[in-house]
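In: what shape does this take:
(chains A and B)
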Protein chains: 2
Amino acid sequence: MTARIVDVETIDVRFPTSRALDGSDAMNEAPDYSAAYVVLHVGDDGRGERGGDEGGKGDANGGAGDDGSEVTEGHGFTFTIGRGTDLAVGAARAIGERAIGMSVDEITGDLGAFSRHLLGDSQLRWLGPDKGAIHLGAAAVVNAAWDLAAKRAGKPVWKLLADFTPQQIVDLVDWRYLKDALTPEAALELLRSQVPGRAQREAYVREHGYPAYTTSAGWLGYDDEKLARLCREAVEQGWDSVKLKVGADLADDVRRCRIAREIIGPDRRLMIDANQTLGVDEAIEWADALREFGIWWFEEPTSPDDVLGHAAIQRRIAPTHVATGEHAHNAVMFKQFLQAEAIGICQIDACRLGGVNEAVAALLLAAAHDVPVCPHAGGVGLCELVQHLSVFDYVAVSGSMENRVVEYVDHLHEHFHDPVRVEGSRYCVPEAPGYSAQIRRETLEAHRFPEGAVWSGAAGPVAS
Amino acid sequence: MTARIVDVETIDVRFPTSRALDGSDAMNEAPDYSAAYVVLHVGDDGRGERGGDEGGKGDANGGAGDDGSEVTEGHGFTFTIGRGTDLAVGAARAIGERAIGMSVDEITGDLGAFSRHLLGDSQLRWLGPDKGAIHLGAAAVVNAAWDLAAKRAGKPVWKLLADFTPQQIVDLVDWRYLKDALTPEAALELLRSQVPGRAQREAYVREHGYPAYTTSAGWLGYDDEKLARLCREAVEQGWDSVKLKVGADLADDVRRCRIAREIIGPDRRLMIDANQTLGVDEAIEWADALREFGIWWFEEPTSPDDVLGHAAIQRRIAPTHVATGEHAHNAVMFKQFLQAEAIGICQIDACRLGGVNEAVAALLLAAAHDVPVCPHAGGVGLCELVQHLSVFDYVAVSGSMENRVVEYVDHLHEHFHDPVRVEGSRYCVPEAPGYSAQIRRETLEAHRFPEGAVWSGAAGPVAS
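Out: Numbers count the residues shown, from 1 in each chain, chains lettered A, B, ... in the order given. Predicted coordinates:
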């Protein structure tokens, strides 16, 4: 009997975060953190498709058994912020159907081919290509396949990746549009050069963890008093870096940066994030006005599509680094940001890119251009995912933690089976098999939109 | 009583074009030309929403009455190629809901503000921004609003635009991310310089039409014999330019270009289109191998996101022009292609961009950079739309037809109320009020997916 994908379950999961202005910034004034959630269900030949949506989906079902073949679920998602999650769910369903009937060994044995197969529907491709709802949907399915592969291997995703040979890692990537910036041969050489140090770095990161920074202090919807209190708490909790949202009003931002810098002192790092609200010349004006506060990086100053604009800004605001990537939709965009020397910090997103495979492409491109990767996180579940990517980057790709931090926001982790653990401003290395992507079944049911109790009113009033 | 938008009707319309390999190319091997179709329904205050999907939607309902206030429907769409059309329809519905309840005068009186309002939902924006399914959906709604505005004004869209003052045209555009390449003030100056010649150019284009070229000869799925026959027919029909699809196999493409060039002779223009299949270095290899055939433009050589890649190709293959744009998802992309001197031909798409407003932005950017706009068309209904944009460009923006041609493919025009008319390789100027966007009601019903007769089997067997 051959284990095959027999069903792709998709769930529209939303959290009513807009009630408290958690996550508010100059562009996203009231997000409801959400996920287009995917479960790949495994069955044996002849078992056919699952009977329906009821029953047989207890939490234990998706965990790793002692033997990997006991694992019958792979969980993945893409992150969204409310309305439109249904479109990402629809995309994940359309793309996920391409996996139904495939053998699990075929998928996990060549995750590069599987990813290319999912993205290769020529009709769906018209909606992108490699961007927007279909790419978000593809990410959810690809991520679920990695969760499945890692659980069956009995390893966390970072370790599954870090145990791959350089050639296996190179084969994960679709090189079609990347070779003018990095050839597969050059990537192989880069990866091989890191093989001798892998074991030592793995031991180090297991013992010391991976550096984090916090955005929790600086949401735009918070008043000065709350900002000051949260900055003080960040310092007391041992954070080395604090990031503020900016971009709505320059005078406000000068005042808020002054408050933050006074509280965190001269030695901790201060970053700002305009969430795409500014034009190129305005971004330069902002950076000039905030220069006195010693900004480490200026994140998303303008349109995420504007490679040349970011390059123009970067040339003007050094030594402050331009940082972007959470809305950079594919590896071709990262290729250009790096070729144009438009960014000093590369912020990959585990769901905006087409899942683990394209994230690996971005890690290789960044390492080849000697630009640190500091993943975008927060939202719901992004911290859980990107920790795997950064630990893998450290062990097997860049080999460095220098100037590298993973974003951390202390929201919604309680809904996950294997939540991140952060101690003393560092992520602890995840050890459970899988991609840490699995949301608790009771959360999925309660937050299912629109029929879950949180939204239907059964759990009390909810602001839209 | 105030006329308001009382309903946004959305329809998933698909044509089974994959049966005949019409529209086949190296990337899109079997498209089913489709549309995410939108009808904005107008009613009076107090009338409330339409009762449902049945009744009251006869064809006459959407035509222009003698008095514009009689017009109660605006029709628009975005073009897709089969699977995934439902996602564009879902996006159009979500975005269209933002129009419900708005007064028609408010919408048609400031179409710039209306477009920005539609695109401004911060939660939906996360799925893009300004790209993918949500942007396609937005285009359908924006285009429907222009159809409504033009019908109520009793003018075709090109004439509605060409009668606007320079300031009114500038106000259509969202300048947030464009000002580093073109300021509103510079755009105003450009438009003002064309005002004195508007009347003369309008008379000229009404009399002589606008130049077209044909892609019908060169689809990749056609064999050499059919290619030769169609090239001969194109010459006999008076076409000055022929375009071939390339990119699957270089030896095949050399042979096919030789056939085409021999038949069309040395003086007609030959263009090639790789539909994004090549890497940057491969595209240069292709252009070198085909150089002997005197290629006017090389269309979509590589990833549509790769501004720097296109620039590298353009530097190497001159005097052949790089042409791209049918997958350039927003004005920020066109801004960069122009800034980087990456394209010699600017191929806007009436639906990939967020409708008329963003197309106007692209026209202004191209004119400011002195790059000819040759719109992408074909598919279903794209010819009907882009003729308006090019005629407007000639009358009021670039003021020139030099090196400018609009794509023409002779497919599916019979389904439209106001189909394009092409005579002697030139588009005749559309004269009926509206955006020529309205598909016949019987076509909408028969091709509605999946329940229409064409798809449900009631109209005979259909290949998937």
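In: contacts, neighbours, all on C-alpha from now
Out: Noted.
In: what's the closest non-adjacent residue to the closest residue to chain B within chain A?
Out: Taking CA to the nearest CA as the measure, chain A has A:Gly132 as its residue closest to chain B, at 4.0 Å. Spatial nearest neighbour of A:Gly132, excluding adjacent residues (CA to CA, 6 or more residues apart in numbering or on different chains): B:Gly132 at 4.0 Å.
In: go ahead and confirm that neighbour touches A:Gly128.
Out: Yes - in this structure B:Gly132 lies within contact range of A:Gly128 using CA atoms under 8 Å: 4.9 Å.
In: where do the contact lists of those two overlap?
Out: A:Ile134 (CA atoms under 8 Å, 6 or more residues apart in numbering or on different chains).
In: neighbour-wise, which of these two wins?
Out: B:Gly132 (27 against 23; other CA atoms under 10 Å in any protein chain shown).
In: from B:Arg125, how far off is that one?
Out: For B:Gly132, the distance to B:Arg125 (CA to CA, to the nearest Å) stands at 10 Å.
In: for burial, what's the neighbour tally of A:Leu278?
Out: 21.
In: which element is it on?
Out: For A:Leu278, there is no enclosing helix or strand under DSSP states H and E.
In: list the contacts of it.
Out: Per CA under 8 Å, 6+ apart, neighbours of A:Leu278: A:Gly247, A:Pro301, A:Thr302, A:Ser303, B:Arg176, B:Tyr177.
In: take those residues and keep only those in helices.
Out: The helices, defined by DSSP state H, take in nothing from the contacts of A:Leu278.
In: ranking the residues you listed by neighbours, who comes first?
Out: Within the contacts of A:Leu278, most neighbours by other CA under 10 Å means A:Pro301, with 28 neighbours.
In: now it: how far from A:Arg448?
Out: From A:Pro301 to A:Arg448 the distance is 34 Å (CA to CA).
In: for A:Lys335, same thing?
Out: A:Lys335 sits 37 Å away from A:Arg448, going by CA to CA.
In: show me which of the two is the more surrounded one.
Out: A:Lys335 (25 against 22).
In: doesn't the more buried one lie inside a strand?
Out: No - A:Lys335 is assigned helix when assessed by DSSP: H, G, I helix; E, B strand; the rest coil, not a strand.
In: wait, it sits on A:Ala181?
Out: Yes - using CA under 8 Å, A:Lys335 is in contact with A:Ala181, at 6.7 Å.
In: mutual contacts of the two, please.
Out: Common neighbours of A:Lys335 and A:Ala181 (CA under 8 Å, 6+ apart) are A:Leu365.
In: low-scoring stretches of chain A, by residue?
Out: A:21-24, A:45-67, A:216-220, A:458-464 (pLDDT under 70).
In: could you identify the helix or strand that succeeds the helix of greatest length in it?
Out: Longest helix of chain A, by residue count under DSSP H: helix A:132-153. Following the chain from helix A:132-153 toward its C-terminal end, the next helix or strand by DSSP H and E is helix A:157-162.
In: then that next one to CSV, C-alphas only?
Out: The C-alpha trace of helix A:157-162 is given here as CSV (Å, rounded to 0.1, in the frame of the first residue of the first chain):
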residue,chain,number,x,y,z
VAL,A,157,12.0,21.6,9.3
TRP,A,158,15.3,23.5,10.1
LYS,A,159,17.0,20.2,10.9
LEU,A,160,15.6,18.4,7.9
LEU,A,161,17.0,21.2,5.7
ALA,A,162,20.3,21.4,7.6
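In: show me what that helix is packed against.
Out: For helix A:157-162, the elements it packs on are helix A:132-153, helix A:382-392, judged by 3 or more CA pairs under 8 Å, 6 or more residues apart in numbering or on different chains; DSSP states H and E.
In: figure out which of those is closest to B:Ala340.
Out: With CA to CA as the criterion, B:Ala340 lies closest to helix A:132-153 of the helices and strands packed on helix A:157-162, at 24.5 Å.
In: that closest one vs helix A:382-392, what angle?
Out: Here helix A:132-153 runs at an angle of 60 degrees relative to helix A:382-392 (axes from the mean of the first three to the mean of the last three CA atoms, to 10 degrees).
In: show me what contacts A:Ala228?
Out: A:Ile259, A:Ala260, A:Ile263.
In: helix/strand/coil for the spatially most central residue of chain A?
Out: The centre of chain A sits closest to A:Ala350, judged by CA atoms, centre = their mean, with a distance of 2.9 Å. The assignment at A:Ala350 comes out as coil when based on three-state DSSP.
In: could you check how far it is from A:Gly378?
Out: Between A:Ala350 and A:Gly378 the computed distance is 11 Å (CA to CA).
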